[in-house]
Structure formats: C-alpha cells, structure tokens
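1. can't give you the sequence, but here's the structure:
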C-alpha cells in the first residue's frame, strides 16, 4: 500500500475531524540552529539542543518521523506558510502579532530577556544609558521589536543580525556596546564560554508582556489544527511522564517551563 503523505492527511482532515496522531507518518520541523542551548550544532555539525531533543521526543511519542529543516529565524514564518515545513520549533515567543499569522502550541518555555555588555561598562537597559550606543538584536525576534520600539527612535542604534552568534562576535570585536536576547541563550551560549570572558548581564530582566508574550511555543499553519492538537497531547504526556524534565535538566540549571 502506498505510504500516505502528510499533505494528503491534511486534505483528508478537512473532511474528517477525527484525524488522530497515529495517522501522521512524517513531520518536517523548521528550526534555526543559532541559539544555544535551545538549538545549535555540535562539533560534528549535528543538530542538538533542548528544542531539538524535545522535538525528537515529541515525534517518538507520536510514533512519527522527524525531518529537520534549517532556516534563518526571520524566514521561519514565511517558510512555514509556504509549506517548506510543517512546524516551527525554534524557541519562538508567542506574541499577538505572530498569532495573526500562525497558531502556536501550548507553552514550551518561558525565560526572561536580558541585555549583555562589557562587565565594566555600567550599562543598563534604559534609554538614558543607551543613547548613542549600538545594541545588537536578532532579526525578526521580539528583542528586535522591543529595542526598535523603545530605543530605536531615541538615539540608540539598533543593529539586527541573522543569528545571536554574530552578536557575540561583534561584541567581542567592539563593534557593539550591548546585545539584547533571551537570558538563558546569552548565559549558556556566550557568558559561560571562553569567548564571553569580561562580559556580563547588564541590568535586570527586560520585561514587556505585550511584546515578549507569555513564553515560547511550536508554530503551526492555522489550517493544521489536527497536527497542533496531536503535538499538544504529546507534550502533555512528556511533561507528565518526566521526559520533558529530564531533557530540561540536561541543558538548564533551573526550571524553564514556566508552569
């Protein structure tokens, strides 16, 4: 019997509201491997990280095959809508603006945003101290939206990059004064590494519920409600049976679930 494709299943779903997780054979997951420890490549070039392991665990729970597709972060939503893959798993914050374009799963993580700078810079995430400075952010991120809205029109130069690794490099080279990003990514991906020596968090958590949303989630096309529900059910199971916590404990020293 010819293997039923995911695209065909989606077409059938319009006729049958009882489509079950077991009907899915393969799911393509889009990610941007430039945000350690959530998604990155190891020394052998293999995709790894919290989101990658959790995505593979979700697929295993659903008994389907995961196929990972790499994309720059700012291209993830357009690529999802163009059906280049079926799910976004890239530590993407759930915001009102994004929810107008795509749907999201239940929350995956919730961690604060932080600014980083030279440890002796005395910078803080305030307009008064950042005026005349250059702040790096990731393209299409909530951090870019926040920085441009709060600081960009008032004397702070906001510089956008495809990946956070590029922000770290320009901080080291002195081309940036600060970077704004997910606090966990900044800590484990830079501050705790040899490259991050001499740098530190600059001020406390940067908070704005309207811009940063209420945590991260998996992204889905709006018409793919059955796939979203199937993955939500799998996520609930992984949280209940301890799999989520076991994966989380490999990458973080504290609870990032936000539950």
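-> Received it, and whenever you're ready, just let me know what you need. Predicted, not measured: the structure shown is a model, and the values here were computed from it.
2. which residues in the stretch 151-259 of the chain form strands?
-> Per DSSP state E, counting those that start in this stretch, the stretch 151-259 of the chain carries strands over the ranges 157-161, 178-182, 199-201, 216-220.
3. quick one: contacts for residue 84?
-> Shown in contact with residue 84 (CB atoms under 8 Å, 6 or more residues apart in numbering): 28, 30, 69, 71. Placement of C-beta: from N, CA and C, glycine included.
4. Which secondary structure state is assigned to it?
-> coil (DSSP: H, G, I helix; E, B strand; the rest coil).
5. What distance do you get for it to residue 49?
-> Relative to residue 49, residue 84 is positioned 21 Å away (CB to CB, to the nearest Å).
6. Domain parsing of the protein, as residue ranges.
-> 6-110+214-251, 113-212 (automatic domain parsing).
7. Going by mean pLDDT, which of the ones you listed comes out lowest?
-> If the domains of the chain are sorted by mean pLDDT, domain 6-110+214-251 sits at the bottom with a mean of 90.
8. Who wins on neighbours among the contacts of residue 84?
-> residue 30 (23 neighbours; other CB atoms under 10 Å).
9. Packing partners of the helix or strand it falls within?
-> Assigning secondary structure by DSSP states H and E places residue 30 in strand 26-31. Under the contact criterion of 3 or more CB pairs under 8 Å, 6 or more residues apart in numbering; DSSP states H and E, strand 26-31 touches helix 6-13, helix 50-62, strand 65-70, helix 76-81, strand 87-93.
10. So which bits of the fourth one are buried?
-> When you say that, I think you mean helix 76-81. 76-77, 80 (16 or more other CB atoms under 10 Å).
11. can I get those in a markdown table with distance to residue 175?
-> Formatted as a markdown table, these follow (distance: CB to CB, whole Å):
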| residue | distance to residue 175 |
| --- | --- |
| 76 | 26 |
| 77 | 28 |
| 80 | 32 |
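12. most neighbours per residue, which of the helices and strands packed on strand 26-31?
-> Ranked by average neighbour count under the criterion mean count of other CB atoms under 10 Å, the helices and strands packed on strand 26-31 are headed by strand 87-93 at a mean of 26.
13. Give me the angle between that one and strand 26-31.
-> 30 degrees (axes from the mean of the first three to the mean of the last three CA atoms, to 10 degrees).
14. what angle sits between strand 87-93 and helix 50-62?
-> 140 degrees.
15. neighbouring contacts of strand 87-93?
-> Outside of strand 87-93, the residues within contact range by CB under 8 Å, 6+ apart are 27-32, 35, 38-39, 51-52, 54-55, 73, 76-77, 80, 98, 102, 104, 108-109, 141-142, 182, 185, 212-213, 215-220, 227, 231.
16. Alright, that wraps it up for me.
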